[in-house]
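A.B. asks: structure for the following, please:
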Amino acid sequence: MIPSFLASAEATGETQKVVTQAAGDPTLTLFGGLVLLILVFWYFASDRDKVRRNIGLVVMIATVIFSILAIAPISGWMDAISGKKKFSEVHNLKRGIDIAGGVSFVLEVQPAEGQDNVSATALNQVKNVLEKRLITLGYGEPVIILQPEHNRVEVQIPDADEQQAALVREKLTQVAVM
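C.D. replies: Numbers count the residues shown, from 1 in each chain. Model (predicted):
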C-alpha cells in the first residue's frame, strides 16, 4: 500500500512536494529516531570492534542528517544551494527578542476585591486570554512568562516595530471580563 502523501503526489506529479512533506513528517522523524535508538543499543551490545565502528559511523551520519533537516527542509536547502534564496530565508529557526529585537511588556494582574494575591488558576487564565489576543493579531507563538510571586505576566514579541508595539500594548491592556 502506498502512503497517502506519495499516492497523491503520484497522481499529480508533484515530486518536490513529496520530498518536503516526507522530510517534515513527524511520523518519519519518530521512526528515524527509533532506528537511531536501536542502533545505539546495538552499538553498546556488540563485542566486535569493527561492528561498533560501523554502527557508530552510521549513527553519527544519521544524527548529522537529522540535525540538518531539522534546521531547514530539503526544499529549503535546494533553494539555498541553487541561489534562489538565502539560507537565512529558508531555515526553521525562530529568532528571539534578544537577537531580532522587538517588544517586551510586563503586565501586573490585579487581585479580585477582597483577595490579597492572584491565584495560579487566574494567572493561567490571563495567560490564555493574552495568548488568544496575540494570535488574533497575527503573532503565531508569543512568548508569555508567568511571574506568580509578583502577580505579573511578561509578554515578549520578537521583530515588532513601534507601531506594532503600540497596537499590541492597546490590545493587551484591555480589561478582560472572566
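A.B. asks: helices of this protein, start to end?
C.D. replies: With helices called from DSSP state H, the chain shows them at 4-12, 15-24, 26-45, 49-71, 74-82, 87-90, 97-100, 120-136, 162-172.
A.B. asks: beta partners of residue 158?
C.D. replies: residue 102 (DSSP bridges).
A.B. asks: next: residue 106.
C.D. replies: On the basis of DSSP bridges, residue 106 is bridged to residue 154.
A.B. asks: which residue is the nearest non-sequential neighbour of residue 87?
C.D. replies: Nearest-residue entry for residue 87: residue 80, 4.6 Å, with adjacent residues in sequence omitted and distances by CB to CB, 6 or more residues apart in numbering. Yep, even glycine has a C-beta here, placed from its N, CA and C like the rest.
A.B. asks: wait, the one you found sits on residue 90?
C.D. replies: Yes: counting by CB atoms under 8 Å, residue 80 sits close enough to residue 90 to count as a contact (5.2 Å).
A.B. asks: hey, what's in contact with both of those two?
C.D. replies: residue 72 (CB atoms under 8 Å, 6 or more residues apart in numbering).
A.B. asks: just to revisit the earlier point, so what's the residue nearest to residue 87 up against?
C.D. replies: Applying CB under 8 Å, 6+ apart, we find residue 80 in contact with 72, 86, 87, 90.
A.B. asks: repeat for residue 42
C.D. replies: residue 55.
A.B. asks: quick check, pLDDT for it.
C.D. replies: Per-residue pLDDT puts residue 42 at 90.
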